[in-house]
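Undergrad: Build me a model:
(2 chains)
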There are 2 protein chains.
Amino acid sequence: MTAFEALSQILGHRFTTEAAARRQNARNDGHHPEIQPDAVAFPETTEEVARIVAVCAEHNVPLVAFGTGTSLEGQHLAVMGGVSLDFSRMNKVLKINAENMNVVVQPGVTRKQLNEELRATGLFFPIDPGADASLGGMAATRASGTTAVRYGTMRENVLALEAVMSDGSIIRTGSEARKSSAGYDLTHLLVGSEGTLGLITELTLKLHGQPEAVAAATCRFATVTEAVDCVIATIQSGIPMARIELVDEMMVRGFNLAQDTGLPEIPHLFLEFHGGPHAVSEQVSSFRELAEGMGAGGWAEASTTEDRNRLWSLRHGALPAITALDPGPGKRTMSTDVCVPISRLAEAVAVARTEADARGLLCTIVGHVGDGNFHCGLRYDPADPEQVAEVTAFSGVLAEAALRLGGTVSGEHGIGIGKQGYMQAEHGAALDWMARVKSAFDPGGILNPGKMLPPGSSSLE
Amino acid sequence: MTAFEALSQILGHRFTTEAAARRQNARNDGHHPEIQPDAVAFPETTEEVARIVAVCAEHNVPLVAFGTGTSLEGQHLAVMGGVSLDFSRMNKVLKINAENMNVVVQPGVTRKQLNEELRATGLFFPIDPGADASLGGMAATRASGTTAVRYGTMRENVLALEAVMSDGSIIRTGSEARKSSAGYDLTHLLVGSEGTLGLITELTLKLHGQPEAVAAATCRFATVTEAVDCVIATIQSGIPMARIELVDEMMVRGFNLAQDTGLPEIPHLFLEFHGGPHAVSEQVSSFRELAEGMGAGGWAEASTTEDRNRLWSLRHGALPAITALDPGPGKRTMSTDVCVPISRLAEAVAVARTEADARGLLCTIVGHVGDGNFHCGLRYDPADPEQVAEVTAFSGVLAEAALRLGGTVSGEHGIGIGKQGYMQAEHGAALDWMARVKSAFDPGGILNPGKMLPPGSSSLE
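TA: Alright, predicted model coming up:
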C-alpha cells in the first residue's frame, strides 16, 4: 500500500489530492510563491494526527502543518512536496479554566474565535498578530503583534502543549501550574519551531483579565525620528503601554488611499492603555505630557469602543493599504521584520528610511515599536529581476543592521523559507546546536523539511 | 598527560584536588549527602571554561557546575566524581544597559551583589529565591521565589546566554531584543537544564524599574484553608501582588523560637505591593477589604524600609527556623516543592497537612502561594531508616497529589538527584524527548551526569 492509500484508508474523504484543496493550502499572505503540497489531510483528532505521522514516517513523506495560511515567511508551504496537514477541523475550544485563567484549545481555533468564546468570562487572550491566525500556527511561529509590549508574545503565553512527534508518539509538555523546574522546557522548544520538531495538537494558553478601562489615542510628529525618540522615552519611563504603534507618513498615505481616513500625512503613534480607571487616566496623562514635551501634536482620543475598533482595524489594514499605494498588476509586498533593543530603534529605522530612499523603493514603516520591532512594507514586481534584487538587497542591509545593533532578523514573522539566509549570521555556532535538536527530534527529516535551518546546517544533509 | 595534568597546566593553582576545596563544593543546603568531586577548577574566563570542557571531553571526565552550593536537590553534587567547575571567580557585572533595562553578568555574580551594583540606576533584578544564589545557578535551575507572582521566574527574566557546550564550543543564544522568532529557543532550553546540556558562562538578564512605592503587610487567619482561599480569590481578582507568602502556624512557631518574634501561632500571609503611590494604596485597600471579608485579622503594615527588610528576612529565615523547631543532633530538613494550578492549592495544602499529621511528621508549610507553589519543611533523622521512609513516602504522596491536581513535582527547586523518581510520572512520553535532547547535546555524557533524567531514560545508558 502506498502512503496515500494508507492515508485515504485512515481519513476517507478527509484526505485529498484534488487541485482545489492543494491550491488552497498554497495561498500565502507573504511574498513567497504559491507552492502546492501533493495532498491535503484534514485530521479531526490527535490520534488521527499520530496515525498520519506514522504513515508518513514509514514512507518518508514530508508533512507540513497548515492553520490559516497567514504566515508571512512561507512556513506552511510544501517546498519539498508531501502532505499539508490542515488543522481547520481541529477547531474546538476544549476547556475554559476561568479560575486558573487559562484555556485549552485545539490548534485550528483562531484568535478571534477564542476571544468570542471568552467574551462572557471577563477574560481575554491578548496576542494579536493582525491576521485572524490559528493559535497552533501562532505558537509554531512564536507570533506576537500589537499587544506584545504589554502581554508578551506566544512565548510568554503558552503554558502547555500536546504534540505529535516525528515517530507518531504523542507527548504533553508543561502543565496548568504557572511555573515548574521539572525537566527541559520542551514547551518553549516547540513554540517557534515552525512545525519542524513536532506537530502541535493542543495548547493551554494563559488568559488575562479584560481590563476594567481601556483608552486609545493617536498623536503625530514632524519626523519618524521624533516619534521613535518618544517611544524610547515612554518605554524607559515605565508607562505600561498596552499598544504603541508607529505609522510613518507613507503608511498614513496608504491608509488615506485605502480607507479615506483623511489623516495628515506625517508620522503617527497609535496608542492603547489598559488598567483600572484611575491607572488608565494616569497613564494617558503621563504619556501625553511626555509626548507633547517631545513634539507630539494632534492628540486625539478614541473614546468609544467603536472608535477604538476603527483605529485598530485601520492599523490591521496595513497590507491592503500598502497595496493601495501601488496597486500595479502582479506586484507583491515584502514585509521586513527586524527587532532591535529599544535604545537602537531610531538608528534601525533611520537605516531603513535611508536605504529605501537611496534605492527608490516604495517603503512604508509600521511597527510594534515598544518592543523595538518594525516592518518595512516594500512593493515590487516579482517578475522584474532588478526590483527583486533591490528589495532583497534592502532586506539584507536591514537584517545586517539589526544584528549589528544587537537585535534579531525576525521579531515575529519567523524564518520559514524567507530568512534562512540570515540564520548563520544571527546564531553563529549556536546554529549547529539547533541542527542537533532537529536531527534528534526528526531523524527522518519529514517534519516541514526545507524550513528554518538553512540548507547544509543539519547533520542530516 | 592525564586530564588532571592538562587542567593543572591550563589553570595552575586554580585547579586543585585538595580536600578542603572538594569538601567546600560538596556542601548543600538540601537534605542530600555531601558528595565530593575529585577536583575543583576555578575558571576566570569563558575561554578557560571551553578549554576545561575540551580536556574533560577528551578524557571522559564528568563536569559539574558550582555557584554558591545553595541548590536544594543536589544539582551541584559530583555524584559520578569528576571536576567541580566553581564559578566564584567569574563574578563580574559586565555591562548595565540601563536604557534597555537589562544587564550582562558572569554566572558567579549573586543576586544580592547584582542589586547592590544596580542600586544607583533605579533598576533592580527581582528574582528572589531566598538564598543569595549565583545567577548562573539560578538560571540553570530555573529558580524563582517570593516575587515570581509579579515578575516571573528565571524563565521569564533571562534574555540571552553565552554557554560552553559539551565539545568545548562557545555559543550565544538570544539577544538584547525583547522578542525574536528566529530559530529554536535555545535560551529556554538551557534555562532549567541544571548544567546537563551546557555550561552557562554569561547571562543577559531583564531588569525592572524600582517601584516608586512599596508597601508590605501581614495578616492572619484561623486556618490555612481560609488563608489559601484568600490567596486564590486575590489572584483571581487580578490584584497585582508583588509578594504573597503563606506561613502556617508551625512555621510561625519556628520563627518565634528562632527570632523571638512573638507572632500569634496561627497561619499568616506576608504581603508586598509595588507600583505608583496611588496604585499601591489602591492595591492595599482592595486586598485588605477582600482578605478581611474572608476572615483575615491582625492587619499590620510594615511601613518603613527597615520594617519591610525585617519582614522578608524573617521569611527567608525559614530553614534555620525549621531547625529551631527540632534541633536534634544529626537531624536534617527535607523541603518539598510542589506547584499546582491556583484553584487546586487548597486541596494540595490539605493533602500535605493530613499526610504529615497522619505520619506524625514535624511539618512546616510556607510558600509562594500566589503561584500555587508551597514547601513543606520536614525534620527527620537521616540515620533513622523509619524516619527516612516516612519523609520519602510523604514526599511521594504529595508529588502524586500535585500531578493529580494538574501541577508539577517541582515549582522551583528543580530535579537534581532528589526528584528523578517522579520524572516519568510527570512527563510520560515527553521524557523520551528530553533524553533525545540530552543525547544530542552531550553524547559523551560528561555534563552533570546522573542528574535530572532518571537512570535508564537516556539512550546513552
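Undergrad: What is the neighbour count of A:E194?
TA: A:E194 has 28 neighbouring residues, counting by other C-beta atoms under 10 Å in any protein chain shown. Bear in mind the C-beta positions are built from the backbone N, C-alpha and C, glycine included.
Undergrad: Just confirm it contacts A:A139, I think it does.
TA: No: with contacts counted by C-beta atoms under 8 Å, A:E194 stays clear of A:A139, the gap being 10.2 Å.
Undergrad: Kindly state the domain boundaries assigned to chain A.
TA: A:3-88, A:91-209, A:211-325, A:327-443 (automatic domain parsing).
Undergrad: Could you say which of those domains is packed most deeply?
TA: Per residue and on average, the most neighbours among these fall to domain A:91-209, with a mean of 23 (mean count of other C-beta atoms under 10 Å in any protein chain shown).
Undergrad: Check the separation of the first and last residues in that one.
TA: Criterion C-alpha to C-alpha, to the nearest Å; first-to-last residue distance in domain A:91-209 is 23 Å.
Undergrad: what separates the helix ranked longest in chain A from the chain centre, distance-wise?
TA: Longest helix in chain A by number of residues (criterion: DSSP state H): helix A:385-404. In terms of C-alpha atoms, centre = their mean, to the nearest Å, the centre of helix A:385-404 is set 20 Å apart from its chain centre.
Undergrad: And for that helix, what's in contact with it?
TA: Contacting residues not belonging to helix A:385-404 are listed as A:334, A:336, A:338-340, A:347-348, A:351-352, A:355-356, A:359-361, A:363, A:376, A:378, A:380-382, A:408-409, A:419, A:421-422, A:425-426 [C-beta atoms under 8 Å, 6 or more residues apart in numbering or on different chains].
Undergrad: From the residues you listed, which land in helices?
TA: A:347-348, A:351-352, A:355-356, A:425-426.
Undergrad: Among those residues, which one sits closest to A:E18?
TA: A:E426 (39.6 Å; C-beta to C-beta).
Undergrad: Might one say that that closest one is in contact with B:A182?
TA: Yes: shown here, A:E426 and B:A182 form a contact pair, counting by C-beta under 8 Å, at 5.6 Å.
Undergrad: okay, and the common contacts of those two?
TA: Common contact partners of A:E426 and B:A182 (C-beta under 8 Å, 6+ apart): A:408-409.
Undergrad: Any chance of JSON lines for the domains of chain A, columns mean pLDDT?
TA: Output for the domains of chain A, formatted as JSON lines (pLDDT from 0 to 100):
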{"stretch": "domain A:3-88", "mean pLDDT": "96"}
{"stretch": "domain A:91-209", "mean pLDDT": "97"}
{"stretch": "domain A:211-325", "mean pLDDT": "94"}
{"stretch": "domain A:327-443", "mean pLDDT": "96"}
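Undergrad: do you know which of those domains lies nearest B:F66?
TA: Using C-beta to C-beta, those put domain A:91-209 closest to B:F66, at 18.3 Å.
Undergrad: Show me how far that closest one is from its chain's centre.
TA: 13 Å.
Undergrad: right, is that domain up against chain B?
TA: Yes: applying C-beta under 8 Å from any C-beta of the partner chain, one finds that domain A:91-209 is in contact with chain B at A:97, A:99-102, A:141-144, A:148, A:153, A:155-156, A:165, A:169-173, A:175-186, A:188-189, A:191-193, A:197, A:209.
Undergrad: just checking, which of these belong to strands?
TA: A:97, A:102, A:170-173, A:209 (DSSP state E).
Undergrad: Quick check: the farthest pair among those residues?
TA: So, those by C-beta to C-beta: farthest apart are A:I170 and A:G209, at 32.6 Å.
Undergrad: just the angle between the strand or helix carrying A:E289 and helix B:277-293, please?
TA: Here A:E289, judged by DSSP states H and E, is contained in helix A:277-293. Counting by axes from the mean of the first three to the mean of the last three C-alpha atoms, to 10 degrees, helix A:277-293 points 170 degrees away from the direction of helix B:277-293.
Undergrad: Show me what helix A:277-293 is packed up against.
TA: When contacts are defined as 3 or more C-beta pairs under 8 Å, 6 or more residues apart in numbering or on different chains; DSSP states H and E, helix A:277-293 sits against strand A:213-220, helix A:224-237, strand A:268-275, strand A:297-302, helix B:277-293.
Undergrad: contacting residues around A:T17?
TA: Contacts of A:T17 (C-beta under 8 Å, 6+ apart): A:4, A:38-40.
Undergrad: can you rerun that using 7 Å?
TA: A:4, A:38-39 (C-beta atoms under 7 Å, 6 or more residues apart in numbering or on different chains).
Undergrad: swap in A:L263?
TA: Here A:L263 is in contact with A:252, A:255-256 (C-beta under 7 Å, 6+ apart).
Undergrad: just A:V158 next, same as before
TA: Contact analysis of A:V158 by C-beta under 7 Å, 6+ apart lists A:139, A:187, A:191, A:203, A:205.
Undergrad: Closest to chain B out of those residues?
TA: Chain B lies nearest to A:V191 out of these, by C-beta to the nearest C-beta, at 6.8 Å.
Undergrad: from what I can see the closest one touches A:A139, true?
TA: Yes: in this structure A:V191 lies within contact range of A:A139 using C-beta atoms under 7 Å: 5.2 Å.
Undergrad: Mutual contacts of those two, please.
TA: Common neighbours of A:V191 and A:A139, counting by C-beta under 7 Å, 6+ apart, are A:154, A:158.
Undergrad: what residue is smack in the middle of chain A?
TA: By C-alpha atoms, centre = their mean, chain A has its centre lying nearest to A:A143, at 3.5 Å.
Undergrad: My read is that that residue contacts A:E156, right?
TA: No: counting by C-beta under 7 Å, A:E156 is not a contact partner of A:A143; they are 11.8 Å apart.
Undergrad: where exactly do the helices run in the stretch 101-250 of chain A?
TA: Secondary structure of the stretch 101-250 of chain A by DSSP state H, counting those that start in this stretch: the helices cover A:111-118, A:135-140, A:148-151, A:154-157, A:186-190, A:224-237, A:249-259.
Undergrad: what about stretch A:383-399, distance to the chain center?
TA: Offset of stretch A:383-399 from its chain centre (C-alpha atoms, centre = their mean): 22 Å.
Undergrad: actually stretch A:441-452, sorry about that
TA: With C-alpha atoms, centre = their mean, you get 21 Å for stretch A:441-452.
Undergrad: Ends of that stretch, what's the gap?
TA: 15 Å.
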